[in-house]
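**Q** turn this into a structure:
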Amino acid sequence: MSISDAYDKVFKALAAPVRRQILDDLRDQSLTTGALCEHFADLDRCTVMQHLKVLEAAELIIVERRGRERWNHLNPLPIHAIHERWIGPHAAAAVGMLSRLKADVER
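**A** Below is the predicted model of the structure:
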């Protein structure tokens, strides 16, 4: 899979509010699929599982099976890669522009 394909999967996964909420839920602790289903009482288990499969395909979660339980762990590396590729350079450019503006105003 190319890096472009990997980015596409991450952006697709992040496009859905439910999937972003799942990632938020996993930020502080790993959770079982059952626990995640309880967080989304308005969705059936099958729908939650479909969202988890999209997140897993984008490598945003790592799934570990322990007996009958399926534990979901956050993998922040794909989001960090996007930050490094787009957000970091754009933020640095914006800070540079503000710094130059400040210097011009102070002159």
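**Q** output the longest helix belonging to this protein.
**A** If you go by DSSP state H, the chain has its longest helix at helix 88-106.
**Q** buried residues in it?
**A** Within helix 88-106, no residue counts as buried by 16 or more other CB atoms under 10 Å. C-beta here means a position set from N, CA and C on the backbone, and glycine is covered the same way.
**Q** same deal with stretch 34-52?
**A** Buried residues in stretch 34-52 (16+ other CB under 10 Å): 36-37, 40, 48, 51-52.
**Q** how about the residues you listed in a markdown table, adding pLDDT, distance to Glu64 and secondary structure?
**A** Below are the buried residues of stretch 34-52 laid out as a markdown table (pLDDT from 0 to 100; distance: CB to CB, whole Å; DSSP: H, G, I helix; E, B strand; the rest coil):
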| residue | pLDDT | distance to Glu64 | secondary structure |
| --- | --- | --- | --- |
| Leu36 | 96 | 14 | helix |
| Cys37 | 96 | 17 | helix |
| Phe40 | 94 | 20 | coil |
| Val48 | 97 | 17 | helix |
| His51 | 98 | 18 | helix |
| Leu52 | 98 | 13 | helix |
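**Q** for those, which one is nearest Pro89?
**A** His51 (30.5 Å; CB to CB).
**Q** how far away is the closest one from Ala91?
**A** The gap separating His51 from Ala91 is 30 Å, by CB to CB, to the nearest Å.
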